[in-house]
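Student: Next one to model:
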Amino acid sequence: MKILLVTDAWEPQMNGVVRTLSKTVEALRGAGHIVEVIAPSDGYWTMPLPTYPDIRLAPFAKPDVEKRIVRFGPEAIHIATEGPLGQAARSLCLKWGMPFTTSYHTKFPEYIKARFPFVPLSIPYNFVRNFHNSGGRVMVTTPSMKEFLDEKGFKNLAPWARGVDLEQFSPDKRFAPEDVYKDLPRPIFVNVGRVAVEKNIEAFIELDLPGSKVIVGDGPQMAELQKKYPQAHFVGAKFGDELARYFADADVFVFPSKTDTFGLVIIEAMATGTPVAAYPVTGPIDIIPGSDAGVVDEDLQKACLDCLKLDRKKTAAHANNYSWEAVSETFFSYLTPEYEPVARKRWRRLRRLAKIASSPYHIIKKILRKTWRVLRGK
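Tutor: Sure thing, here's the model as predicted:
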């Protein structure tokens with residue numbers, strides 16, 4: 001199938017959303033599908049997201065997005081984010097009567113609230129609800145997230161879990177070839193992710209715990225937290241096998257976020273054998289309870305200390321329930337492909353119109369018409 005993915009979150013960004021989408025695309029292509037990705041890094045002029053300069057948005061890309069969609073002629077379209085590219089693709093699909101699916105990766109309204117406390121939650125929720133309800137299936141991360149959004153008035157919700165690369169994130173990475181925390185007192189409590197206000201990292205740093213607290217990642221709150229908490233260890237962003245070792249060599253992974261919809265880092269930590277301590281919120285409550293791979297508790301300190309008693313082998317075994325192949329198969333099953341003859345007819349018609357619109361005769365005609373309107377207006 002020819003599948004189009006439109007996303008405002010893509011490489012070189014490194015986060016759970018990007019890893020989820022890139023791994024899904026990789027698995028779909030491996031299964032023989034033709035996947036086209038439209039992302040901000042495709043040469044568009046971009047601007048930094050306010051309060052989050054690491055994320056770049058492409059606000060003026062709609063004309064090119066239209067050309068690329070028409071040229072590709074997809075059988076199914078998935079819009080992964082609510083940013084400018086997602087808005088452009090949604091607008092075009094509605095204009096053409098083309099079915100599409102969406103996915104809800106982050107609690108965007110809560111992120112807005114964390115940065116701008118004066119903004120009522122109802123305003124961004126109205127925005128994202130209207131965005132997603134205008135399409136077909138809305139893929140969400142967990143059953144509890146489905147219930148949460150259902151109460152908010154979202155429609156056509158379906159759970160779409162996340163996967164983990166069990167070769168990269170493996171118990172074999174522990175202390176191989178040496179301990180990445182060798183100079184720090186144990187036990188090691190680690191957090192991996194964006195260093196940003198919505199991640200609630202301060203709740204982790206302020207816990208009364210033995211040993212050392214390590215923060216792996218980068219983000220807009222980095223300088224502030226480094227200055228405020230000199231006793232914590234900020235090691236910056238890590239990637240690939242080095243990142244896997246920071247997971248594997250830790251004693252407990254601490255996930256203090258209350259705004260994530262899943263928390264891909266949770267299963268990445270588990271895959272290396274490191275148990276996870278978290279609050280009982282969406283994401284952790286769908287992964288951890290009954291797993292012997294972590295502890296959820298409103299008392300995060302207690303959860304951290306209880307994790308020290310868990311069996312790392314059982315923790316790693318639980319991560320085997322998550323694979324990217326299964327994730328991509330679920331994604332594919334949720335797509336709403338268009339009946340092939342209808343799709344072919346639409347793209348032929350739109351390509352013909354695009355060709356006419358770009359012809360010298362049509363361009364000159366448009367210029368003359370505009371000139372006539374200006375003259376008549378005078």
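
Student: Okay, and the beta partners of residue 191?
Tutor: Here residue 191 sits in beta bridges with residue 215, going by DSSP bridges.

Student: For it, the count of nearby residues, please.
Tutor: Using other CB atoms under 10 Å, the number of residues around residue 191 comes to 25. (Glycine included, C-beta is placed from N, CA and C.)

Student: can you give me the helices for the stretch 101-250 of the chain?
Tutor: In the stretch 101-250 of the chain, the helices defined using DSSP state H, counting those that start in this stretch lie at 108-115, 122-133, 143-151, 201-205, 222-228, 240-248.

Student: Check which residues of the last one are buried.
Tutor: Within helix 240-248, the residues scored as buried using 16 or more other CB atoms under 10 Å are 243-248.

Student: just to revisit the earlier point, switch the helices of the stretch 101-250 of the chain over to TSV; also include mean pLDDT.
Tutor: Formatted as TSV, the helices of the stretch 101-250 of the chain follow (pLDDT from 0 to 100):
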stretch	mean pLDDT
helix 108-115	83
helix 122-133	94
helix 143-151	92
helix 201-205	97
helix 222-228	96
helix 240-248	96
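
Student: out of those, nearest to residue 167?
Tutor: helix 240-248 (9.5 Å; CB to CB).

Student: so what does that closest one touch, helix or strand wise?
Tutor: Under the contact criterion of 3 or more CB pairs under 8 Å, 6 or more residues apart in numbering; DSSP states H and E, helix 240-248 touches strand 188-192, strand 212-216, helix 264-271.

Student: For that helix, what is the distance to the chain centroid?
Tutor: A distance of 20 Å separates the centroid of the chain from that of helix 240-248, by CA atoms, centre = their mean, to the nearest Å.

Student: and the angle for that helix with helix 264-271?
Tutor: Helix 240-248 and helix 264-271 meet at an angle of 80 degrees, taking axes from the mean of the first three to the mean of the last three CA atoms, to 10 degrees as the criterion.

Student: could you dump stretch 39-47 to PDB, C-alpha only?
Tutor: Taking C-alpha atoms only, stretch 39-47 is exported to PDB below (Å, rounded to 0.1, in the frame of the first residue of the first chain):
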ATOM      1  CA  ALA A  39       8.300  16.500   7.900                       C
ATOM      2  CA  PRO A  40       9.800  19.900   8.800                       C
ATOM      3  CA  SER A  41      13.300  18.700   7.900                       C
ATOM      4  CA  ASP A  42      12.300  18.300   4.200                       C
ATOM      5  CA  GLY A  43      13.900  21.600   3.300                       C
ATOM      6  CA  TYR A  44      11.100  23.900   4.500                       C
ATOM      7  CA  TRP A  45      11.600  27.200   6.200                       C
ATOM      8  CA  THR A  46      11.100  26.600   9.900                       C
ATOM      9  CA  MET A  47      10.800  28.500  13.100                       C
END
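
Student: quick one: low-confidence parts of the chain?
Tutor: In the predicted model, the chain carries pLDDT under 70 at residues 338-343, 355-368, 375, 377-378.

Student: Compute the number of surrounding residues for residue 353.
Tutor: A count of nearby residues for residue 353, using other CB under 10 Å, gives 11.

Student: Out of the helices and strands packed on helix 240-248, which gets nearest to residue 223?
Tutor: strand 212-216 (12.5 Å).

Student: Could you pull out the strands in this structure for me?
Tutor: 2-6, 34-38, 47-49, 52-57, 76-79, 101-104, 138-140, 157-159, 188-192, 212-216, 233-236, 252-255, 276-278, 294-296 (DSSP state E).

Student: Enumerate every residue touching the closest residue to residue 262 other than its chain neighbours.
Tutor: The shortest distance from residue 262 to any non-neighbouring residue, by CB to CB, 6 or more residues apart in numbering, is to residue 141 (3.7 Å). If you count contacts by CB atoms under 8 Å, 6 or more residues apart in numbering, residue 141 has them with 104-105, 159-162, 261-262, 282-283, 286.

Student: TSV for those, including neighbour count and distance to residue 223?
Tutor: TSV is the format used below for the contacts of residue 141 (neighbours: other CB atoms under 10 Å; distance: CB to CB, whole Å):
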residue	neighbour count	distance to residue 223
104	24	31
105	27	27
159	16	38
160	25	35
161	20	35
162	25	30
261	26	27
262	24	28
282	25	30
283	26	27
286	20	33
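
Student: Just put these in JSON lines and tack on distance to residue 152.
Tutor: Below are the contacts of residue 141 laid out as JSON lines (distance: CB to CB, whole Å):
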{"residue": "104", "distance to residue 152": "10"}
{"residue": "105", "distance to residue 152": "16"}
{"residue": "159", "distance to residue 152": "16"}
{"residue": "160", "distance to residue 152": "18"}
{"residue": "161", "distance to residue 152": "20"}
{"residue": "162", "distance to residue 152": "21"}
{"residue": "261", "distance to residue 152": "13"}
{"residue": "262", "distance to residue 152": "17"}
{"residue": "282", "distance to residue 152": "12"}
{"residue": "283", "distance to residue 152": "17"}
{"residue": "286", "distance to residue 152": "18"}
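
Student: distance between the ends of stretch 102-120?
Tutor: The first residue of stretch 102-120 is 24 Å away from its last residue (CA to CA, to the nearest Å).

Student: Could you check how far it is from the centre of its chain?
Tutor: The answer for stretch 102-120 is 14 Å, by CA atoms, centre = their mean.

Student: The closest residue to residue 354 other than its chain neighbours: how many residues sit nearby?
Tutor: Once flanking residues are discounted, residue 354 sits nearest to residue 70: 5.7 Å by CB to CB, 6+ apart. With neighbours defined by other CB under 10 Å, the count for residue 70 comes to 21.
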